[in-house]
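predicted model follows, preceded by the sequence.
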Amino acid sequence: MTILSRLNVLLASVAAFFRSLFQTGPKLPVPEPPFTISVLLVSYYPVKDGLIDISVAGDVDGPLDEMRQHVAQTTQRVIEALEEGSRYHGYKDPNAQPSLHYEIVDSLEFLEPVPTYSKPGQHLPWADYNVIMERINIRQWVEERGVKEVWLWSYSGGRLGGWESNMAGPYGDISNSDRDPTDLPGLSRTYTVYHYNYQRGPSEATEDHLHQIEATLREIDYDLFWKRFVGATGEGRCGWAHYPPNAVRDYDWANPTFIETDIEDWTPAGTGQKKRMNCERWNCDSLTWFIFWMHNLPGANNGLTYQGRPLTNWWAFIGAFDEAMANRMRLVA
């Protein structure tokens, strides 16, 4: 990360802190789960003679209709993974209800390359999110239609740079990006742009969401989430997207080494029962790991406490972010 990028992150964090100080009284009451997330799909397909233009996309071609079908199927699988993952301990509680509910409100398509600009510190042309959002009139979608997320489908292939997630709104940019406060139109309500690569599948797209969850919860309470829930490598706590509890390196989803971990009975104080497990618990598969990890995030009716206070439903920060922030909600009640 460049010095300028680090400065942008610092400034954005400071601005968000001072905004929170001036929030007066409860506003925008936090809804009951499931939290509805309205999604706008935006797809960029550079097309030549009915095929994805590999000279633009870098390493993907093929018929446009096949790519459309791939995007539609992958979008549905991502929705299924996220909703399933938001069921607290859903792997052992058949009655657990999802805390997230996704609705696709519309789908916009452009048969041309993604608009780009030259971003300082980046060697690739960078997706110009301001141009993309202005073109689709993002203000109308967010402020009038209630859209909370934009799922942007495009390509990479060494030809395009972008962020896995990017946020804008009254509480600043808390996302898996350099948190440049000027790279998205600022609106009166928060929205998050997820930038997917249609050369990949549902696992990679879902991973974008895990990194956004990590960025958000780490910002809300670094100690409770990052130190106690995620834990240090080899500590046997819950891990994070790239690191299951037994991982020793990035993307170590298929590690057969066993470890004692309390992921299925996590408590902030570490008093839960530990079990011996390895990657077979999540089929040594990245997408299954992501769902399993989300299943263990404190969700609805989690019954957990920390220092004598109950833990909240952490999914509120994903599904009802503005309401949670306006009410100064934390990971602990």
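Perfect, I can see it now. Numbers count the residues shown, from 1 in each chain.

quick one: the strands in the protein?
35-44, 47-48, 51-52, 100-110, 116-117, 126-127, 147-154, 165-168, 191-197, 259-261, 275-277, 305-306, 309-310 (DSSP state E).

so where's the stretch 51-200 of the chain shaky on pLDDT?
Judged against pLDDT under 70, the stretch 51-200 of the chain has no low-scoring part.

hmm, back to that, residue 94 is nearest to which of the strands of the chain?
strand 100-110 (18.1 Å; Cβ to Cβ). Quick note: C-beta positions are derived from backbone N, CA and C, even for glycine.

only the buried residues of the closest one, if you could.
100-102, 107, 110 (16 or more other Cβ atoms under 10 Å).

what's the closest of the strands of the chain to residue 175?
Closest among the strands of the chain, once you apply Cβ to Cβ, is strand 165-168, at 4.1 Å.

so what's the backbone phi/psi at the nearest residue to residue 116 once chain neighbours are set aside?
Nearest residue to residue 116 in three dimensions, chain neighbours excluded: residue 125, at 3.7 Å (Cβ to Cβ, 6 or more residues apart in numbering). Residue 125 adopts backbone torsions of phi -60, psi 140, taken as degrees, to the nearest 10.

doesn't residue 157 make contact with residue 125?
No: if you go by Cβ atoms under 8 Å, residue 125 and residue 157 don't touch, sitting 11.8 Å apart.

and this protein, what are its domains?
3-219, 222-326 (automatic domain parsing).

pipe the ones you listed into a markdown table and attach distance to residue 332 per row.
As requested, the domains of the chain are arranged in a markdown table below (distance: least, Cβ to Cβ, whole Å):
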| stretch | distance to residue 332 |
| --- | --- |
| domain 3-219 | 12 |
| domain 222-326 | 5 |
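
for residue 183, which of the strands of the chain is the nearest?
Of the strands of the chain, nearest to residue 183 by Cβ to Cβ is strand 165-168, at 6.8 Å.

quick revisit: for the residue nearest to residue 116, what are its contacts?
By Cβ atoms under 8 Å, 6 or more residues apart in numbering, the contact set of residue 125 is 116-118, 159-161.

separation between it and residue 146?
32 Å (Cβ to Cβ, to the nearest Å).

what does residue 242 give?
Taking Cβ to Cβ, one finds residue 242 at 33 Å from residue 146.

more crowded one of these two?
residue 242 (17 against 14; other Cβ atoms under 10 Å).

pLDDT score for the more buried one?
The model reports residue 242 with a pLDDT of 98.

equivalent analysis for the one 10 residues further on, please.
If you check residue 252, the pLDDT there is 98.

so it touches residue 241, yeah?
No: here residue 252 does not reach residue 241: they are 11.1 Å apart, not a contact under Cβ under 8 Å.

of the two, which one has the most company?
residue 241 (23 against 17).

longest helix of the protein?
helix 64-85 (DSSP state H).

what does that one contact?
34, 41, 43, 45, 47, 50-52, 60, 90, 98, 100-102, 104, 111, 151, 153, 196, 198, 201-202, 205-206, 209, 287, 290-291, 293-295, 297.

and if we set it to 6 Å?
The contact list for helix 64-85 (Cβ atoms under 6 Å, 6 or more residues apart in numbering) reads 45, 47, 50, 52, 98, 100, 102, 153, 198, 201-202, 205-206, 291, 294-295.
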